[in-house]
Every structure is written in structure tokens, then in C-alpha cells.
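Asks: next one to model:
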Amino acid sequence: MEEHEHYCENIENFPIDKFFQIGKDKGKKVLIVGEAPAPNGWRKSGKAFYTLNGKLLPTGKNLNILLETYELSVEKCSFTELVKCYVGKERKLLTACGGKCWPIFMRQVQSYDFAVLIILGVKTLELLNLYANSSLRMGEITDLEISNKRYTVLPIYHPSSISPIGHKNNLKIFEEHRKLLERLLG
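Replies: Residues are numbered from 1 along each chain as shown. Sure, this is the predicted structure:
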């Protein structure tokens, strides 16, 4: 049986800075939101999109391709996971863990003045829609009010190298919204 790391059982004592990277310069206003900690990513290295050996993961490389037009990168942007638990291959746990982790996620989102939230992947979008009571759609830039604060949200496909079609779709999404993204991220 695969190991799990559940933080959702004790959310009151979850440190706000755990699995929360604060951006630098204009990257402070962009929050990239992942699904849940990956097996070999920052839950071990302490740095989003990097391995323990300091190597940028393929997902980070693909995100950097999308962000470079705006002089941003995974190193410059803020980042967190919606679900704080590591569930391994037992993805059916994501919804329950996501509901319990939602208050942690909201504390993180509200702790800084983010202008744009970039949501990574179909499951992350599904969870955001469920817990924010919204109906955002993949690839569409939408304003979303959460706890009396408005955010501009862009859901994209997960930029994993496992899904080259997702990366191609993301390139189209970023091209389609280039002017608005330049204004938001510039």
C-alpha cells in the first residue's frame, strides 16, 4: 500500500506557508494553483516544481514556456496546491481531502493581493468549482468572487509532459488571451 500524507485532519494547525510559495516582483500578483503535492516535487524538495536534486520538473518547464512571454516563471510566480494532502494514486480521495483543505487554501489565497489565479488541470478546476460554488470553464478567463474578494481566474490544462495535447491546448489558450493576459500580468 502506498503512503499518504494527510494534512486535512488538522487544518487548524496547518502552517499557512506550507506548500505556499510567494512570488517575486510582479509574480507576487499571480497565484498558480496545483491539484495536490506530487510524489517527487516540492513535498520533498521544499521548492515548487523542483526535485530534491534541484532539477526543474517537466511540468515546470512547460509552465515556463507559457509564462515567459509575460516575463514570468514558476520561480517568480506564487504557487500553492488546492489539496494539501499527498494521496498518491488514490485520486478518489482528492474530493474529500479538498473539502477539508479548502479553508487552508482560502487562508493562503486571502493572505496576499493576488490579481490572477491560474488553475492547473481538470480536477483542480472541478474542486474549485465545487467549493467556490462556481462554474468556471477550462481556458476561459473569468472574474470570480470568493469570500467578498474578486479574482481573475484562468483554468488551464495540467502542463504535465505526460499530456502533450494539454500543453498544445494551453499554448492556444495563452495565445487566444494574449492581450488580456499582457494587461493583467504586465
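Asks: every contact and neighbour count from this point should use C-alpha atoms.
Replies: Will do.
Asks: ok, now how distant is the residue nearest the centre of the chain from Glu3?
Replies: Averaging the C-alpha coordinates of the chain gives a centre point, and the residue nearest to it by CA atoms, centre = their mean is Val33 (1.3 Å). Using CA to CA, to the nearest Å, we find Val33 at a distance of 23 Å from Glu3.
Asks: show me where pLDDT drops low in the chain?
Replies: Along the chain, the parts satisfying pLDDT under 70 run over 1-2.
Asks: let's see it at 90
Replies: Residues of the chain meeting the criterion pLDDT under 90: 1-5, 11, 38-46, 88, 146-148, 160-164, 185-186.
Asks: for Trp42, grab the count of nearby residues.
Replies: Applying other CA atoms under 10 Å, we find 16 other residues in the vicinity of Trp42.
Asks: what's the spacing between it and Thr69?
Replies: Trp42 is 25 Å from Thr69, where distance means CA to CA.
Asks: what's the answer for Tyr50, then?
Replies: Applying CA to CA, the value for Tyr50 to Thr69 is 21 Å.
Asks: between these two, which is the more surrounded one?
Replies: Between Tyr50 and Thr69, counted using other CA under 10 Å, Tyr50 has the larger neighbour count: 22 against 15.
Asks: and the closest residue to the more buried one other than its chain neighbours, how many neighbours?
Replies: With CA to CA, 6 or more residues apart in numbering as the measure, Leu56 is the residue that lies nearest to Tyr50, at 4.6 Å, once sequence neighbours are left out. Using other CA under 10 Å as the criterion, Leu56 is surrounded by 17 other residues.
Asks: same deal with Phe20?
Replies: Phe20 is flanked by 21 other residues according to other CA under 10 Å.
Asks: before we move on, what SS does the closest residue to it other than its chain neighbours have?
Replies: When the adjacent residues along the chain are set aside, Phe20 lies closest to Thr80, with 4.7 Å between them (CA to CA, 6+ apart). Put simply, Thr80 is strand when judged by DSSP: H, G, I helix; E, B strand; the rest coil.
Asks: where's Thr80 relative to Ala132, distance?
Replies: Distance of Thr80 to Ala132, computed by CA to CA: 17 Å.
Asks: what about the two, which has more around it?
Replies: The residue with more neighbours, out of Thr80 and Ala132, is Thr80; 23 against 16, by other CA under 10 Å.
Asks: assign Pro159 to helix, strand or coil.
Replies: What three-state DSSP gives for Pro159 is coil.
Asks: show me what contacts Thr59?
Replies: Remark: with contacts taken as CA atoms under 8 Å, 6 or more residues apart in numbering, Thr59 is in contact with Phe49, Pro159, Ser160, Ser161.
Asks: give me the number of residues near Leu66?
Replies: A count of nearby residues for Leu66, using other CA under 10 Å, gives 20.
Asks: how close does it get to Ile162?
Replies: Counting by CA to CA, the gap from Leu66 to Ile162 is 17 Å.
Asks: and for Gly54?
Replies: Computed with CA to CA, the distance linking Gly54 and Ile162 is 21 Å.
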